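Student: the sequence isn't on hand, but the structure is:
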């Protein structure tokens with residue numbers, strides 16, 4: 001196995017550890033526990049590829065990721081109203097900005113996370129912009145979880161009107177972020 005190290009912003013060696021997993025529950029658990037006990041987690045980027053494991057191993061991997069990386073949901077873009085409260089640099093890539101609310105148009109999470117913290121609250125028929133995502137975010141925060149958004153954005157938000165054609169709150173800021181040549185309406 002070849003492992004390459006790179007220098008982090010603080011001068012520490014940072015290593016990308018990649019784990020390929022398919023079942024083999026005991027071996028997978030032993031590997032993850034060894035990583036945790038080693039004390040080197042702050043210097044590692046851990047990438048886990050699960051090749052369609054059965055339930056026991058799949059749940060082990062999901063739980064381990066939940067426990068060791070407290071970001072429960074990531075977005076590719078967010079409404080400009082939701083300013084970051086912290087930032088996690090990912091060397092050579094981007095950064096994940098921690099936010100307290102994440103707009104519904106771009107959320108990436110496991111089904112495990114959705115089943116645990118969902119569903120989104122219902123909006124009455126004929127209404128929009130009622131904060132369908134707010135209670136969902138509060139449930140995650142109450143469990144000491146985090147919401148994050150990738151920066152720079154990897155998704156373009158082009159919606160400045162709601163389902164009824166009315167301008168959304170902060171539509172001017174959304175339009176300002178829209179790249180030139182992209183229709184924003």
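Tutor: Okay, I see it. Just so we're clear, the structure is a prediction, and the values are computed from it rather than from any experiment.
Student: quickly note the distance from the residue lying farthest from the centre of the chain to residue 162.
Tutor: Largest separation from the mean C-alpha position in the chain: residue 126, at 30.4 Å (Cα atoms, centre = their mean). Separation of residue 126 from residue 162 (Cβ to Cβ, to the nearest Å): 11 Å. Where C-beta positions appear, they are placed from N, C-alpha and C, glycine not excepted.
Student: related to what we said a few turns ago, and the residue farthest from the centre of the chain, what helix or strand is that in?
Tutor: Counting by DSSP states H and E, no helix or strand carries residue 126.
Student: OK, contacts around residue 85?
Tutor: Residue 85 sits next to 98, 99, 100 when contact means Cβ atoms under 8 Å, 6 or more residues apart in numbering.
Student: out of those, who's the most crowded?
Tutor: Highest neighbour count within these: residue 99, with 22 neighbours (other Cβ atoms under 10 Å).
Student: OK, contacts around the nearest residue to it once chain neighbours are set aside?
Tutor: With Cβ to Cβ, 6 or more residues apart in numbering as the criterion, residue 99 has its nearest non-adjacent residue at 4.8 Å, and that residue is residue 82. Listed by Cβ under 8 Å, 6+ apart, the contact set of residue 82 reads 99, 100, 101, 102, 103, 149.
Student: one step back: could you redo the contacts of residue 85 as TSV and give each row pLDDT and secondary structure?
Tutor: Shown next, in TSV, are those (pLDDT from 0 to 100; DSSP: H, G, I helix; E, B strand; the rest coil):
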residue	pLDDT	secondary structure
98	89	strand
99	90	strand
100	90	coil
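Student: measure the residue nearest the centre of the chain to residue 25 for me?
Tutor: Nearest to the mean C-alpha position of the chain, counting by Cα atoms, centre = their mean, stands residue 74 at 2.0 Å. The gap separating residue 74 from residue 25 is 27 Å, by Cβ to Cβ.
Student: re earlier: which among the contacts of residue 82 gets closest to residue 109?
Tutor: residue 102 (9.8 Å; Cβ to Cβ).
Student: confirm that that closest one sits in a strand.
Tutor: No: using DSSP: H, G, I helix; E, B strand; the rest coil, the assignment for residue 102 is coil, not a strand.
Student: so what's the residue count around residue 18?
Tutor: For residue 18, using other Cβ under 10 Å, the count is 11.
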